[in-house]
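1. With the sequence up front, the predicted model follows.
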Amino acid sequence: MQRTSGHIGERRRLASPYPLGIVAAQALRRRRFQPPPSQLAEIMAKSVYIRTYGCQMNAYDSARMAEQLGLYDYREVDEPEAADLVILNTCHIREKAAEKLYSDLGRLRPLKREREEAGRDFVVAVAGCVAQAEGDGVAARADLVDLVIGPQAIHRLPEMLARNARARGQEIDVDFAPVEKFDRLGPERAPSAPSAFLTIQEGCDKFCTFCVVPYTRGAEVSRPIAAIEAEARSLIEGGAREITLLGQNVNAWRAPAATRGIRANRDGSWGLGQLCRHLARLDRLERLRFTTSHPRDMDDDLIDAFASVEVLMPFLHLPAQSGSDAVLAAMNRGHTSKHYLGLVARLRAARPDIALSSDFIIGFPTETVSDYRATLGLVEEVGFAAAYSFKYSRRPGTPAAAAPKQVPEDEKDRRLADLQSLIERQRKAFNARQIGRALPVLFEKAGRHAGQLVGRSPYLQSVHAEAPDSMLGRIAPVTIVGLTPNALAGRLAAA
Ligand code: SAH
Ligand code: SF4
Ligand code: F3S
């Protein structure tokens, strides 16, 4: 049976015969992880395997889904074979994202068949941006999929599972409901790792001509300050010492000003800079970061926050995409390379040691050799600590996919290889400059070798050092003594 399905952008309320969503929300609003109500018996005490693709926003959504299921005593397991419920939290940004999903689903098919023959549960849920973009197409193409759940409907997962347990059949919920999502999930968070994500903004109104995100995550929506603060407090209480504020366009975040003592914008609003100042006052919050920022939304107050907010780490991911103004215009980025370089100069004036990273797309339609050289020029001029670069790939439904002047694949390959080697040289040089310095490192987890912990420097580099487990969740100075391919090797410095 195929139940009611929603389509992208369509507002749809599922009339749930079960009060599970409400019960779950209430349980979350009470203290965390109280015993779940008995009427949820049909979905209780099972195991879930969640695979997360894509950006940190998906990682955040996966954590929130796991927490919701935790209310019903679900255990998280690390392989699908051990699970009663498998959630694939998908990303749509790369080429062939949907094909990848279908091949992952194909691998789950024998497991599903085996369970069905044994009369046992094996629920398959597809979440994330492919779910949003393909909607009921996923259910139609892969009959083993039970639930298709968009990124802004994840709060309805328990009630969808309960309906599925009572009457089998596929259900699709790809409603855009970001406000309801956060209201229903509530601010209470499960005990946290030392570094935690907190989504403060969803969606994108920028419509870069290459990008699917405005279609998969909907319009820009900012969460209110009180909800963000409550969630931050809960994370800190649960062990977080570093919080990374997330949004597809995190610096487009806006809300009515909250307190005196932090100067509001002329229109009475706060932007991200003011929010950082506000959160910086939270006790025991030692580090604050945010990602991903758009050059168009880097205002003076946010730049100044890097100078004046001590807990704001000196690292900024600021995607440039290209160094050519013609390409930037064709991409509808709304900024020029001069604007980008101006921001870099102001950021460095505010915080001289700030480390910058970026995203670049190579081989965007119409990109000429001189456009591409302009990108190399911008990278040379800025000097990045790290950067991601991608070959342009057509995303169906986006304007650039239909552009006539596509760059041949082999040419894209050559340009990308050159750019990546330049970026890699810059990354290595940046890391090498840390040798001999004592950097404060927040230890986050055990390392690969016994007695070793891994943490992050202020510049987001992974650092490993011999340290006792008691240092987990603490910041300590580490003298950098060497480099490994992807990390810094350090020694705990005498305090
Ligand atoms: N909101 C962020 C980007 C989110 S997508 C921003 O505006 O910068 C992450 C990155 O994927 C983008 O920065 C871009 O470099 C890359 N990307 C997105 N669509 C792409 C496409 N069609 N082809 C190649 N790379 C793409
Ligand atoms: Fe995509 Fe552009 Fe929005 Fe970033 S700003 S999410 S690249 S449309
Ligand atoms: Fe991917 Fe969606 Fe994030 S397309 S990059 S998971 S917003």
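-> Received it, and whenever you're ready, just let me know what you need. Ligands and ions are numbered 1, 2, ... in the order given.
2. which residues in the stretch 301-450 of the chain form helices?
-> For the stretch 301-450 of the chain, helices defined by DSSP state H, counting those that start in this stretch occupy the ranges 325-330, 337-350, 369-382, 409-432.
3. just these: most buried one?
-> With neighbours defined as mean count of other C-beta atoms under 10 Å, the helices of the stretch 301-450 of the chain peak in mean count at helix 325-330, which reaches a mean of 20. (Glycine included, C-beta is placed from N, CA and C.)
4. Output the helices of the stretch 301-450 of the chain in TSV; the columns should cover mean pLDDT.
-> As requested, the helices of the stretch 301-450 of the chain are arranged in TSV below (pLDDT from 0 to 100):
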stretch	mean pLDDT
helix 325-330	98
helix 337-350	98
helix 369-382	98
helix 409-432	97
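5. Of the ones you listed, which is nearest ligand 3?
-> Nearest to ligand 3 among the helices of the stretch 301-450 of the chain is helix 409-432 (18.9 Å), distances taken as C-beta to the nearest ligand atom.
6. can you give me how far the closest one is from the chain middle?
-> Counting by C-alpha atoms, centre = their mean, to the nearest Å, helix 409-432 is centred 24 Å from the centre of its parent chain.
7. Could you confirm whether stretch 186-197 reaches ligand 3?
-> No. Stretch 186-197 is not in contact with ligand 3 by C-beta under 6 Å from any ligand atom; minimum separation 12.3 Å.
8. Sorry, slip of the keys, the one I care about is stretch 142-154.
-> No. Stretch 142-154 does not reach ligand 3 (C-beta under 6 Å from any ligand atom); its nearest approach is 7.0 Å.
9. how distant is that stretch from the center of its chain?
-> Distance of stretch 142-154 from its chain centroid, counting by C-alpha atoms, centre = their mean, is 19 Å.
10. Pull that stretch out as CSV, backbone CA atoms only.
-> Below are the C-alpha coordinates for stretch 142-154, written out as CSV (Å, rounded to 0.1, in the frame of the first residue of the first chain):
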residue,chain,number,x,y,z
ALA,A,142,12.8,1.0,-4.4
ASP,A,143,10.0,-1.0,-2.9
LEU,A,144,12.0,-2.0,0.1
VAL,A,145,11.9,1.6,1.4
ASP,A,146,9.3,2.0,4.1
LEU,A,147,9.7,5.7,5.0
VAL,A,148,10.9,8.7,3.0
ILE,A,149,11.4,11.6,5.4
GLY,A,150,12.7,15.1,4.3
PRO,A,151,15.2,17.1,6.5
GLN,A,152,12.4,19.3,7.8
ALA,A,153,10.1,16.4,8.8
ILE,A,154,12.5,14.4,11.0
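11. In it, which residues are buried?
-> 142, 144, 145, 146, 147, 148, 149, 150, 151, 152, 153, 154 (16 or more other C-beta atoms under 10 Å).
12. now swap in stretch 436-449 and tell me
-> Here stretch 436-449 shows 438, 439, 440, 441, 442, 443, 444, 447 as buried, counting by 16+ other C-beta under 10 Å.
13. Please look at the second one and residue 478 and confirm they touch.
-> This points to residue 439. Yes. Counting by C-beta atoms under 8 Å, residue 439 touches residue 478, with 5.8 Å between them.
14. any shared contact partners between those two?
-> The contact sets of residue 439 and residue 478 overlap at 457, 463, 490 (C-beta atoms under 8 Å, 6 or more residues apart in numbering).
15. any idea how far the first one is from residue 290?
-> As defined by C-beta to C-beta, to the nearest Å, residue 457 lies at a distance of 17 Å from residue 290.
16. quick one: contacts for the residue nearest to residue 321 when sequence neighbours are not counted?
-> If you skip the residues right next to it in sequence, residue 321 has residue 361 as its closest partner in space, 5.2 Å away by C-beta to C-beta, 6 or more residues apart in numbering. Applying C-beta under 8 Å, 6+ apart to residue 361 gives the contacts 210, 321, 322, 331, 389, 390, 391, 392.
17. re the thing from before, from the buried residues of stretch 436-449, pick the one nearest ligand 3.
-> Nearest to ligand 3 out of those is residue 444 (C-beta to the nearest ligand atom; 22.1 Å).
18. Just to be sure, residue 148 is in a helix?
-> No. According to DSSP: H, G, I helix; E, B strand; the rest coil, residue 148 belongs to no helix; its state is strand.
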